[in-house]
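Participant: Got a sequence here, can you model it:
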Amino acid sequence: MSASSAQPAAEHLDVLVVGAGISGIGAGRYLKTGLPSKTFAILEARAASGGTWDLFRYPGTRSDSDLHTFGYEFKPWRDEESIAAAPRILSYLRETATENGLDDHIRYHHKVLSVAWSSDPARWTVHVERADTGERTTLTCSWLFCAGGYYRYDQGFTPHFEGRESFRGAIVHPQHWPEDLDYAGKRVVVIGSGATAVTLLPAMAGTAAHVTMLQRTPSYIMPVSKRDVIANVLKKCLGQERGYALTRRKNIARQRFVWAFCRRYPKAARRLIRWANTRQLPAGYPVDEHFNPPYEPWDQRLCAVPDGDLFKALRAGKASVVTDRIATFTENGVRLASGRELEADVVVTATGLDVQAFGGIRITVDGEEVRIPDTVAYKGMMLSGVPNLAFSIGYTNSSWTLKVGLLCEHFCRLLAHMDASGHDVCRPEPADPAMPTRPFLDFDAGYIRRAVDRLPRQGDRMPWLTSMDYHSDVKLLRTDSVADPELHFTGAGAATTASRTTASASRPATAGS
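Facilitator: Below is the predicted model of the structure:
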């Protein structure tokens, strides 16, 4: 083949970040400031940055964590309201990207299909499809940082409903909200009781004729203030930077206290939540029927309602809650197991997410496909037996971004350590291949239970535990050394043999799901 007809070499970068949402933008900023000599790109399958906050367009989309902890440590949240609507969060994320010079690093319409590690050159080959043109391209990189979260963007979860095809009204999932949906003056049934449902009910109640939240099982719901009075005073008196830092510490401590109290004293926590609900609801309301979950507080995430907006809609008679099971859809609505029929013009299936590990990307290491459930998560950010791949997963019991920031810091320190020691490859391996394991996330939410067999596992000891405690992670990820006996560093080509035997030699034992 002549030189003129040879295929051009694939573009090579030091790091490829997959996803331009809150995690990917954070990773880009830490790379830009912590490792300015590294080349990197952020690949985004969609046409815009912002991830979740650009994707979801249903009425009332907002955070359920305060933005002083959900925001980045390095960028103060300046708004008066600490529980914020999606457009403001999206603006904050895009401001972060622009202020840190990340806009030119983001490549839109770049969907990663598969990645293949080769130990000889110590690099990943990344196969990408241009979502706008269908063209396929190839990139190579020394490190992959997967920042796409853990659920599918192309579809949400909707269970099978008998008779659905007979319903004459509109059925919509919040993840794909139609821009032209007109529900003014109409009867709306929202199926679900999680964070999305409790957001939709008050947001739609002001326009719809009536909104009914139909739940199979109640959730714990707590009113919270949209404004953090102490935060606003601190920022006014001490300035944005110092006021934000102090507020962040305060709110981290508060989140930790609430979670620990609920786990240690579940009966007392249940009584307190019930008392708070009773105060917000009309006299004589059947609290125990609609606001008394069968599980303990924080077995699943608590639902926050800003300024008690859900309870206000119930008191005003614009909305109601029904606890029952669906027997079948009818032409005019939903018939319940009790025999009651809820008439509806619009049904919203706020039935949850469809979890997908690593965006469904096919991963191979030296020609062998990596089965994610056969791996164990190292420090909650790498996979056993898989070299030079990191990922970001936030907390389930507090603000997501708290952990993402620590992971990004640790990732940059790890790369700096490898540069200083002259290593090309970093691969975590359990010292005990028979180490007992359990599900990656100790969380009882339905969307996690449905996906447990598609996620990695966690071990029974550090560094193989998936920590959900910020203060423990500060020590593990920010203070402790990146070097670890179970993290193996080598040069290019040196780990080829080991990688080919990983699947058979280091697969840990499982201890139930």
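
Participant: neighbours around Met222, how many?
Facilitator: 16 (other Cβ atoms under 10 Å). All C-beta spots, glycine's among them, are computed from the backbone N, C-alpha and C.

Participant: Quick check: it is in a strand.
Facilitator: Yes - counting by DSSP: H, G, I helix; E, B strand; the rest coil, Met222 is part of a strand.

Participant: Might one say that it is in contact with Trp298?
Facilitator: No - Met222 is beyond contact range of Trp298, at 11.3 Å (criterion: Cβ atoms under 8 Å).

Participant: Okay, buried residues for the helix or strand containing Arg256 please.
Facilitator: Using DSSP states H and E, Arg256 falls within helix 240-264. By neighbour count with 16 or more other Cβ atoms under 10 Å, helix 240-264 contains the buried residues 243-248, 250-252, 255, 258-259, 262.

Participant: Next: stretch 207-218.
Facilitator: So, applying 16+ other Cβ under 10 Å, buried residues of stretch 207-218: 208, 210-215, 218.

Participant: what does it contact?
Facilitator: With contact meaning Cβ atoms under 8 Å, 6 or more residues apart in numbering, stretch 207-218 is reached by 183-193, 197-198, 200-201, 204-205, 290-294, 313, 318-326, 334, 336, 342, 344, 346.

Participant: Export that stretch to CSV, keeping only CA atoms.
Facilitator: Taking Å, rounded to 0.1, in the frame of the first residue of the first chain, the C-alpha atoms of stretch 207-218 are listed here in CSV:
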residue,chain,number,x,y,z
THR,A,207,-52.7,24.4,35.4
ALA,A,208,-54.5,21.1,35.3
ALA,A,209,-58.1,20.6,36.4
HIS,A,210,-56.9,18.1,38.9
VAL,A,211,-53.7,16.0,39.5
THR,A,212,-53.8,12.6,41.2
MET,A,213,-50.6,10.9,42.3
LEU,A,214,-51.3,7.2,42.1
GLN,A,215,-48.8,5.2,44.1
ARG,A,216,-48.5,1.5,44.8
THR,A,217,-46.3,2.2,47.8
PRO,A,218,-45.8,5.4,49.7
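
Participant: Run the chain-centre distance for it.
Facilitator: Using Cα atoms, centre = their mean, to the nearest Å, the mean C-alpha position of stretch 207-218 is found 25 Å from that of the whole chain.

Participant: State which strand of this protein is the longest.
Facilitator: strand 136-146 (DSSP state E).

Participant: for that strand, the distance to its chain's centre please.
Facilitator: 22 Å.

Participant: Flag every buried residue along that strand.
Facilitator: Neighbour-count burial for strand 136-146 [16+ other Cβ under 10 Å]: 139-146.

Participant: Kindly report the same for stretch 331-342.
Facilitator: Neighbour-count burial for stretch 331-342 [16+ other Cβ under 10 Å]: 332-336, 342.

Participant: Verify the stated contact: Thr199 with Gly60.
Facilitator: Yes - using Cβ under 8 Å, Thr199 is in contact with Gly60, at 4.7 Å.

Participant: More neighbours: the two, which one.
Facilitator: Remark: of Thr199 and Gly60, Thr199 carries more neighbours, 27 against 19, as counted by other Cβ under 10 Å.

Participant: Look at that one and tell me its secondary structure.
Facilitator: helix.

Participant: any idea what sits nearest Phe358, other than its immediate chain neighbours?
Facilitator: Cys146 (5.3 Å; Cβ to Cβ, 6 or more residues apart in numbering).

Participant: Let me know whether the one you found touches Asn388 as I believe.
Facilitator: No - using Cβ under 8 Å as the test, Cys146 is too far from Asn388 to be in contact (11.7 Å).

Participant: Low-confidence bits of the stretch 151-300 of the chain, can you list those?
Facilitator: Within the stretch 151-300 of the chain, no stretch has pLDDT under 70.

Participant: coming back round to it: so which of the contacts of stretch 207-218 are in helices?
Facilitator: 197-198, 200-201, 204-205, 290, 313 (DSSP state H).

Participant: Could you pick out the buried ones from those residues?
Facilitator: By 16+ other Cβ under 10 Å, those give 197-198, 200-201, 204-205, 290, 313 as buried.

Participant: and of those residues, the nearest to Pro306?
Facilitator: Val198 (10.2 Å; Cβ to Cβ).

Participant: Skipping its backbone neighbours, what lies nearest the closest one in space?
Facilitator: Per Cβ to Cβ, 6+ apart, closest to Val198 is Cys303, 4.8 Å.

Participant: Could you do Ala197 as well?
Facilitator: Once flanking residues are discounted, Ala197 sits nearest to Ala350: 4.1 Å by Cβ to Cβ, 6+ apart.

Participant: hmm, back to that, list just the nearest of the buried residues of strand 136-146 to Val229.
Facilitator: Phe145 (37.8 Å).

Participant: From Arg457, how far off is that closest one?
Facilitator: Distance of Phe145 to Arg457, given as Cβ to Cβ, to the nearest Å: 21 Å.
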